[in-house]
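J.: coordinates for the following, if possible.
(chains A, B, C and D)
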2 protein chains.
Amino acid sequence: MTRSSEATRTRILAAASRLFYAEGIRAVSVDAVAEKAAITKKTLYYHFRSKDDLVAAYLAARDQPNLELFKRWFEETPGALPDKLAGLFRQLARAARHPKWRGCGFLRTTAELANLPGHPAIRIGAAHKKKFEAWLQAVFEAEGISGAAELARQMLLLLDGSFAVVLLHRDASYMESAGEAARSLAAAALTRRSRSGPARKRAAAHRSR
Amino acid sequence: MTRSSEATRTRILAAASRLFYAEGIRAVSVDAVAEKAAITKKTLYYHFRSKDDLVAAYLAARDQPNLELFKRWFEETPGALPDKLAGLFRQLARAARHPKWRGCGFLRTTAELANLPGHPAIRIGAAHKKKFEAWLQAVFEAEGISGAAELARQMLLLLDGSFAVVLLHRDASYMESAGEAARSLAAAALTRRSRSGPARKRAAAHRSR
DNA sequence: CAACGTATATTCACTGGTCAGTATACTTAA
DNA sequence: TTAAGTATACTGACCAGTGAATATACGTTG
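T.: All right, here's what the predicted structure looks like:
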């Protein structure tokens, strides 16, 4: 490496991430990203093959941090499973009240590129959501919930629904409504478990802080 | 009117609607709309002040038909309230399996124009969703459900969540999961009503076909 | 150990094409 | 004859991507 190859790449990605998230994909030119990163466009094209590549890298870089943030919000909430789910949505609502919040970058990119079904960025977004769904399902299975997969899907619907609705109305209280719906659905699933399911654990003694 | 003013306007709007829905807003040029409508761009600008105007008109034209379609899907489903809600989502899933389906035009436009918060198209989209929410709330109130407003919000979260998730994964079965979640939440709300609420109607005898 | 060669990393200036919107003039129905 | 409606041809800005040249670091070899 000559001077700062990796650092430059990181700087480009940081600039792209901020711009794409704030303004959208097609609204941000490659020139704008290069200017924000304080390099020339040609340098950008040295590190990324095309704008589509850059968009994919933008989402790929958000994958892990996003998942870990959501997991942390869940785990740091005290109480039983329904409370932890509601806590996740409460933290989400708090984040959505920040003036720079613009919804879910994965969903917005998918919506914007919906006419390009095979686009790499869309595949990254889909994989990201699938990972979160799989994590939720594992959590539910550990609680002995029988319809864990179905419940995980419903949580994802509420999560992504709240992203969409809050972005539309600019009213973060919808996320708290989503949290209450999540709490109800999870509580009902737990009840079904303790009636007829395998009941691998007692529900009461689950709190993590 | 010289030759066909109103017909021309309609034709432009039809072309814009098909293109904007299929490809997105910023991906479709005014030239492309004019060509699809078989007129010149100048004629388009005679009928619409700007592209933003055209985008707003595109969504405004979809407002009423969309609402009526959803209401019809609800009302044509036999059974009690939870069944009717599940039926709405089942019809939605059927529509989403059509190859030309590209999610909700209102949500996708909002996501794409999220960097222009005051854009008229976004206001039209927000009003559209609010109308649907208000209609749902009225339906729930007629059933004597006490938390009708909150339940309507949760239904909207599931609806818009299913638009987003199905667009991402191209898997319409998520809409059926959303329908089951809607059914559960509504059934629980009805149970609460019959226990402690005003119970203005008997739930059993509600079917519409 | 010093001169060189090569891969990495970066720049400036450019291309061909597209974009939203317009200046001007023609057509036709009332 | 006049105003609504349509057409041709254009503007200036912007866009994704590139060609040719340059700068820097480092291993190799004389």
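
J.: mind checking the backbone torsions on whichever residue of chain A sits closest to DNA strand D?
T.: Closest contact between chain A and DNA strand D, by CB to the nearest atom of the strand, is at residue A:29 (3.1 Å). Using the backbone N, CA and C atoms, a C-beta is placed for each residue, glycine as well. Phi and psi for residue A:29, reported as degrees, to the nearest 10, are phi -90, psi 160.

J.: what does residue A:99 give?
T.: Here is the backbone geometry of residue A:99 (degrees, to the nearest 10): phi -60, psi -30.

J.: how about the helices in chain A?
T.: Remark: helices assigned in chain A by DSSP state H are A:5-23, A:30-36, A:41-47, A:51-75, A:81-96, A:105-112, A:120-142, A:148-169, A:173-196.

J.: tell me if the last one is near chain B.
T.: Yes. Helix A:173-196 comes into contact with chain B when judged by CB under 8 Å from any CB of the partner chain, the residues involved being A:174, A:177-178, A:180-181, A:184-185, A:188.

J.: can you say which of the helices of chain A is nearest to residue B:23?
T.: Evaluated with CB to CB, those place helix A:105-112 nearest to residue B:23, the distance being 10.4 Å.

J.: starting at the chain centroid, how far to that closest one?
T.: Relative to its parent chain, helix A:105-112 has a centroid offset of 11 Å by CA atoms, centre = their mean, to the nearest Å.

J.: for that helix, packing partners?
T.: Counting contacts by 3 or more CB pairs under 8 Å, 6 or more residues apart in numbering or on different chains; DSSP states H and E, helix A:105-112 is packed against helix A:5-23, helix A:51-75, helix A:120-142, helix A:148-169, helix B:105-112, helix B:148-169.

J.: could I get those as TSV with mean pLDDT, mean neighbour count and distance to residue B:18?
T.: TSV is the format used below for the helices and strands packed on helix A:105-112 (pLDDT from 0 to 100; neighbours: other CB atoms under 10 Å in any protein chain shown; distance: least, CB to CB, whole Å):
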stretch	mean pLDDT	mean neighbour count	distance to residue B:18
helix A:5-23	92	18	26
helix A:51-75	97	17	25
helix A:120-142	98	18	22
helix A:148-169	98	25	23
helix B:105-112	97	26	11
helix B:148-169	98	25	18
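
J.: can you add distance to DNA strand D and give these back as TSV?
T.: Output for these, formatted as TSV (distance: least, CB to the nearest atom of the strand, whole Å):
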stretch	distance to DNA strand D
helix A:5-23	10
helix A:51-75	3
helix A:120-142	13
helix A:148-169	23
helix B:105-112	14
helix B:148-169	23
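
J.: how close does the residue of chain A closest to DNA strand D get to residue B:141?
T.: 50 Å (CB to CB, to the nearest Å).

J.: not counting sequence-adjacent ones, nearest residue to the residue nearest the centre of chain A?
T.: Among the residues of chain A, the one closest to the centroid is residue A:66, at 5.3 Å (CA atoms, centre = their mean). Once flanking residues are discounted, residue A:66 sits nearest to residue A:128: 6.9 Å by CB to CB, 6 or more residues apart in numbering or on different chains.

J.: and for residue A:177?
T.: The shortest distance from residue A:177 to any non-neighbouring residue, by CB to CB, 6+ apart, is to residue B:153 (4.4 Å).

J.: ok, residue A:173 next?
T.: Spatial nearest neighbour of residue A:173, excluding adjacent residues (CB to CB, 6+ apart): residue A:93 at 7.0 Å.

J.: got the contact list for that neighbour?
T.: Contacts here follow CB atoms under 8 Å, 6 or more residues apart in numbering or on different chains; on that basis residue A:93 touches A:166, A:172-173, A:175-176, A:179.
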